[in-house]
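Chemist: just need the structure, nothing else, for what follows:
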Amino acid sequence: MARYTGPVCRLCRRDGTKLFLKGAKCFSEKCPVEKRNFPPGQHGQSKKVKKVVGYGLQLREKQKAKRIYFTLETQFRAYYQKASNRTGVTGELLLQQLETRLDNVAYRLGFALSRRQSRQVVRHGHITVNGRKVNIPSYQVKVGDEIAIKEGSKALIILEEAKNFAAGQSSVQWLEINRDNFSGKVVALPKREDVNLPVNEQLIVELYSK
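Modeler: Numbering: from 1, shown residues only. Below is the predicted model:
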């Protein structure tokens, strides 16, 4: 199976930084990056960490972005190609496409505790876009789209927990959020300053530009 299904905290430890893959756990003292800030594996603690430069650094940034948004290589490259063919800053356009994926928007709206969980919520058919059910996580939302939890799915246990978690996070400027009704609206396209993630998109552009 191409998609990674193992423990995601290993990925954060591998990159040496939080990728925010486990929701509330990433913000607590239980976060493995806080408790064991060294690479995973039998020799992780004793292994000498090599300085990553050049191609290795560019590759690490691409891998981080792929892991945060749970995309595969072919899909990620397609996002880059589309961004490079448009007018504007390629790196920012790339992040804009990733941010406007339906699974990410559902996470930003507080429908799930993590992007991975949000992907599952979308795949199971609990999300509607403009009143119609959409179960494709990579579906690109547009300005004016209204995203909501299906009426029959509002009894999900995770929704109240996710709402409480999201309420403690910083607000998302490009989304209009109705937490009580589990719905929201895309009021603008996300800007670079709206993407508060540890990713250097310029290094990704440099990698694919070779």
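Chemist: against residue 89, how distant is residue 203?
Modeler: Counting by C-beta to C-beta, to the nearest Å, the separation of residue 203 from residue 89 is 14 Å. Where C-beta positions appear, they are placed from N, C-alpha and C, glycine not excepted.
Chemist: quick one: which of these two has more around it?
Modeler: residue 203 (18 against 15; other C-beta atoms under 10 Å).
Chemist: need phi/psi at the more buried one.
Modeler: phi -70, psi -30 (degrees, to the nearest 10).
Chemist: that one - nearest residue in space that isn't next to it in sequence?
Modeler: Nearest non-adjacent residue to residue 203, counting by C-beta to C-beta, 6 or more residues apart in numbering: residue 61, 4.2 Å away.
Chemist: could I get the average pLDDT for whatever helix or strand the one you found lives in?
Modeler: When elements are assigned from DSSP states H and E, residue 61 belongs to helix 55-69. Per-region confidence: helix 55-69 scores 89 on mean pLDDT.
Chemist: who are the packing partners of that helix?
Modeler: helix 9-15, helix 73-84, helix 90-99, helix 201-208 (3 or more C-beta pairs under 8 Å, 6 or more residues apart in numbering; DSSP states H and E).
Chemist: quick one: which of these is nearest residue 163?
Modeler: helix 90-99 (20.5 Å; C-beta to C-beta).
Chemist: continuing past the closest one, what's the next helix or strand?
Modeler: Next along from helix 90-99, by DSSP H and E: helix 102-108.
Chemist: contacts only, for the residue lying closest to residue 159 once chain neighbours are set aside.
Modeler: Nearest residue to residue 159, sequence neighbours excluded (C-beta to C-beta, 6+ apart): residue 182, at 6.1 Å. Contact analysis of residue 182 by C-beta atoms under 8 Å, 6 or more residues apart in numbering lists 109-111, 148-149, 154, 159, 163.
Chemist: same check, this time on residue 123
Modeler: So residue 123 contacts 135, 137 (C-beta under 8 Å, 6+ apart).
Chemist: gap between it and residue 137?
Modeler: From residue 123 to residue 137 the distance is 6 Å (C-beta to C-beta).
Chemist: contacts only, for the residue positioned nearest the centre of the chain.
Modeler: Central residue of the chain (C-alpha atoms, centre = their mean): residue 69, 3.6 Å from the mean position. By C-beta under 8 Å, 6+ apart, the contact set of residue 69 is 98, 101, 104, 115.
Chemist: switch the cut-off to 6 Å
Modeler: Residue 69 makes contacts with residue 98, as judged by C-beta atoms under 6 Å, 6 or more residues apart in numbering.
Chemist: just residue 143 next, same as before
Modeler: residue 186.
Chemist: so is it in a helix, a strand, or just coil?
Modeler: coil (DSSP: H, G, I helix; E, B strand; the rest coil).
Chemist: lowest-scoring secondary structure element of the chain by mean pLDDT?
Modeler: helix 32-35 (a mean of 63; mean pLDDT, DSSP states H and E).
Chemist: element containing the closest residue to residue 183 other than its chain neighbours, please.
Modeler: Distances taken as C-beta to C-beta, 6+ apart put residue 148 closest to residue 183, at 3.7 Å, once the chain neighbours are dropped. Using DSSP H and E, residue 148 falls within strand 146-149.
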